[in-house]
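Trainee: give me a 3D structure for the following:
(2 chains, ligands or ions: 1)
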Amino acid sequence: MDIKDIIKPENKVYGKTPLLTDAVMHYCPGCTHGVVHKIIAEVIEEMGIQDKTIGISPVGCAVLAYNYLDIDWEQAAHGRAPALATATKRLNPDKYVFTYQGDGDLASIGAGEVMHACNRGENIVIIFINNAIYGMTGGQMAPTTLLGQVTATTPYGRNAELNGYPLKITELLAQLDGTCYVTRQSAQTPAAVRKTKKAIRKAFENSMMNKGTSFVEVVGTCNSGWKLSPVKANKWMEENMFPFYPLGDMKDR
Amino acid sequence: MAEKILMKGNEAVAHGAIRCGADGYFGYPITPQSEVMETLMEEKPWETTGMVVLQAESETASINMVYGGACTGKKVMTSSSSLGISLMAEGLSYLAGAELPCVVVNVMRGGPGLGTIQPGQADYFQAVKGGGHGDYKMIVLAPASAQDMYDFVDTAFELAFKYRTPAMILSDGVIGQMMEKVELRPIKPRRTNEQIIEQCGEWALTGKTADRKRNLITSLALDPNVMSAHNIELQKKYKTIMENEQQYTTYKTEDAEYLIVAYGSMSRIAESVVDTARENGIKLGVLRPITLFPYPEKALESLIPQLKKILVVEMSAGQMVEDVKLVVNGRVPVEFYGKCGGLIPSPDDVYEAFEKILK
Ligand SMILES: Cc1ncc(C[n+]2csc(CCOP(=O)(O)OP(=O)(O)O)c2C)c(N)n1
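Mentor: Below is the predicted model of the structure:
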């Protein structure tokens, strides 16, 4: 049988959502960003809200996310996406507004903005990719870098005395009265992808119900930063990241 | 008769914003401009015009909220004073780079550092020459009365949208705190979503519909050729603004042999100095730039042939004087008088300084 005989509409089991553009992604093989982009694109398509969604990405590896999702998009300064989202949503309450932020962006330089947006209970979605490292600038320590983890700025491993402790910002945000849904997910297996997709969909739905801020952390890998192959990076994540950053819902009201 | 109400310059900004159809204000308290947000909160425009007012957690957040609102084609603004504006520098550069319209009010106080809560004009360089990084300009308007504070909010929005660029109202603590009668202009309703799409649909984020390509607001271009082309376009725009938008007023310059150049509160002092000089038979006049960028070069240029000397007066160690010297280019002596650090030159101080340059 020729391959052409198999490519038929009735045999189709999966398709790429048109919300995801055909641009070639710049992400390294094995990177979590691309997977989460696809999940978001699918959620937007399934909810039929392309014309009502505004995405916001600050700097970080995902600064070019706008090349991959076919929706209106704001590119923000480092750490400031929740401030942009605050105004975008308050001035356009009929829109679904989400930010897409890395750990350096959200938990370090932007810790103030995310804390206050969540505390005000802005009706936005915050998607937080925690890869425990600064990917874009070449693998420096992030606030979420684990103790002992080697990065470009912790060449002997993160040391609490010198560098402080890894920051569980998601747990912090779950304490705030303004957040309605806070969850930590991952995207390294089909099952994990399905759970993350459910979480992101719920977050989008929440944002139209005046319930407050929905926050979805996705623990991910940075193969280049971690200097591990994709398969080994997933294993390292499961063995080292998950015990410190346990998966699951922290808050759902 | 149009309604006239006694109010502070800062309060006039708030009323001007509500009545010119602003969609949002985002700010952080700082003296001497806190009355802007206080007045807005008291007026509760969200119940009348639908204008959003929010106290942000910092000036960094305020300017980025302005960015987030401006992305959607809304008329958004913030206000602050000196050090708060320094904190906004990154955001202002992003706004200019992404070609977003907005209005930023700086009610200047004396610096540097935490400085003083007393008035100053030492942020001229920051406002006119950049402040943030990169080759960019903002339109800069300098009010000299509470009425100007009211009117310039509308003017600044008009210019900001005309050129898709941030516009700053560069005021000072004197003008912000001073109480004067202000005429309330007719109310301009906020634009409807349809009107926003009509005006800004080409670029604003109003939701990607089937009939258009998605819109993107970014100041990033990794390819230097693209970034360079963008810079060339920006410079072209600034040149057009230079050509078309210079604004100024003059006071008794027709026969003037001497000229004081001063903006904002200092132009008011300069005018009273002119009256004293005229009583003493000296032909003195005032040129008051209203736009600091674009600088009113044409007006200054046209006065040069009749002048013997120019005195520039500022509440700074001498900043705008550099722009005057650039235009004059050595043809007439340009002298400077200023006080800084929160001291306000009195008419007597300025007259004395003027008498010195007469000798
Ligand atoms: C004000 C400012 N400081 C520093 C940078 C440089 N910078 C760009 S991305 C980045 C870190 C991004 O790391 P993260 O948020 O974890 O995202 P990732 O790249 O890992 O996805 C830094 C420090 C910047 N663009 N702006």
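Trainee: what's the local residue count around residue 6?
Mentor: No chain was given, so I picked chain A. 8 (other Cβ atoms under 10 Å in any protein chain shown). For every residue, glycine as well, the C-beta is placed using N, CA and C.
Trainee: to clarify, I was referring to chain B.
Mentor: Neighbours of residue B:6 (other Cβ under 10 Å): 10.
Trainee: report the distance from the helix or strand hosting it to the chain centre.
Mentor: Residue B:6 is part of strand B:4-8 when elements are defined by DSSP states H and E. How far strand B:4-8 lies from its chain's middle: 21 Å, per Cα atoms, centre = their mean, to the nearest Å.
Trainee: do stretch B:317-328 as well
Mentor: 18 Å.
Trainee: next: stretch A:55-74.
Mentor: On Cα atoms, centre = their mean, the centre of stretch A:55-74 falls 12 Å from that of its chain.
Trainee: just say helix, strand or coil for residue 199.
Mentor: Let's take chain A. helix (DSSP: H, G, I helix; E, B strand; the rest coil).
Trainee: switch to chain B, that's the one I care about
Mentor: helix.
Trainee: ok, it - how many residues close by?
Mentor: 12.
Trainee: mind listing the strands for chain A?
Mentor: A:53-57, A:72-75, A:96-102, A:125-130, A:133-134, A:140-141, A:179-186, A:213-219, A:248-252 (DSSP state E).
Trainee: same question, the stretch 251-359 of chain B
Mentor: Ranges of strands in the stretch 251-359 of chain B, per DSSP state E, counting those that start in this stretch, are B:258-261, B:284-289, B:291-293, B:309-314, B:334-338.
Trainee: tell me what the helix or strand following the strand holding residue B:6 is packed against?
Mentor: Downstream of strand B:4-8, the first helix or strand assigned by DSSP H and E is helix B:9-19. If you count contacts as 3 or more Cβ pairs under 8 Å, 6 or more residues apart in numbering or on different chains; DSSP states H and E, helix B:9-19 packs onto helix B:35-43, strand B:76-80, strand B:102-108, helix B:146-163, helix B:173-177, strand B:179-183.
Trainee: export the ones you listed as JSON lines, with columns for mean neighbour count.
Mentor: JSON lines is the format used below for those (neighbours: other Cβ atoms under 10 Å in any protein chain shown):
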{"stretch": "helix B:35-43", "mean neighbour count": "20"}
{"stretch": "strand B:76-80", "mean neighbour count": "29"}
{"stretch": "strand B:102-108", "mean neighbour count": "30"}
{"stretch": "helix B:146-163", "mean neighbour count": "22"}
{"stretch": "helix B:173-177", "mean neighbour count": "26"}
{"stretch": "strand B:179-183", "mean neighbour count": "15"}
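Trainee: chain A is nearest to which of those?
Mentor: strand B:76-80 (6.7 Å; Cβ to the nearest Cβ).
Trainee: what about the closest one, near chain A?
Mentor: Yes: on the criterion Cβ under 8 Å from any Cβ of the partner chain, strand B:76-80 is in touch with chain A at residue B:76.
Trainee: who's in contact with that strand?
Mentor: Contacts with strand B:76-80, where a contact means Cβ atoms under 8 Å, 6 or more residues apart in numbering or on different chains, come from A:87, A:91, B:10, B:13, B:17, B:22-28, B:30, B:33, B:36-37, B:59, B:62-63, B:65-66, B:69-70, B:87-88, B:102-107, B:153, B:157.
Trainee: swap in 7 Å and give it another go.
Mentor: A:87, B:13, B:17, B:22-28, B:30, B:33, B:36, B:59, B:62-63, B:66, B:69-70, B:88, B:102-107 (Cβ atoms under 7 Å, 6 or more residues apart in numbering or on different chains).
Trainee: what's the burial count for the closest residue to residue B:58 other than its chain neighbours?
Mentor: Counting by Cβ to Cβ, 6 or more residues apart in numbering or on different chains, the nearest residue to residue B:58 once its immediate chain neighbours are dropped is residue B:28, at 5.7 Å. Using other Cβ under 10 Å, residue B:28 is surrounded by 21 other residues.
Trainee: distance check, the closest residue to chain B within the stretch 51-200 of chain A against the ligand.
Mentor: Residue nearest to chain B within the stretch 51-200 of chain A: residue A:84 (3.1 Å; Cβ to the nearest Cβ). Counting by Cβ to the nearest ligand atom, to the nearest Å, the gap from residue A:84 to the ligand is 15 Å.
Trainee: what sits against that residue?
Mentor: A:56, A:74, A:76, B:64-65, B:67-68.
Trainee: do residue B:179 as well
Mentor: So residue B:179 contacts B:6-8 (Cβ under 7 Å, 6+ apart).
Trainee: picking that back up, could you dump the helices and strands packed on helix B:9-19 into JSON lines and include mean pLDDT?
Mentor: As requested, those are exported to JSON lines (pLDDT from 0 to 100):
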{"stretch": "helix B:35-43", "mean pLDDT": "98"}
{"stretch": "strand B:76-80", "mean pLDDT": "98"}
{"stretch": "strand B:102-108", "mean pLDDT": "98"}
{"stretch": "helix B:146-163", "mean pLDDT": "98"}
{"stretch": "helix B:173-177", "mean pLDDT": "98"}
{"stretch": "strand B:179-183", "mean pLDDT": "98"}
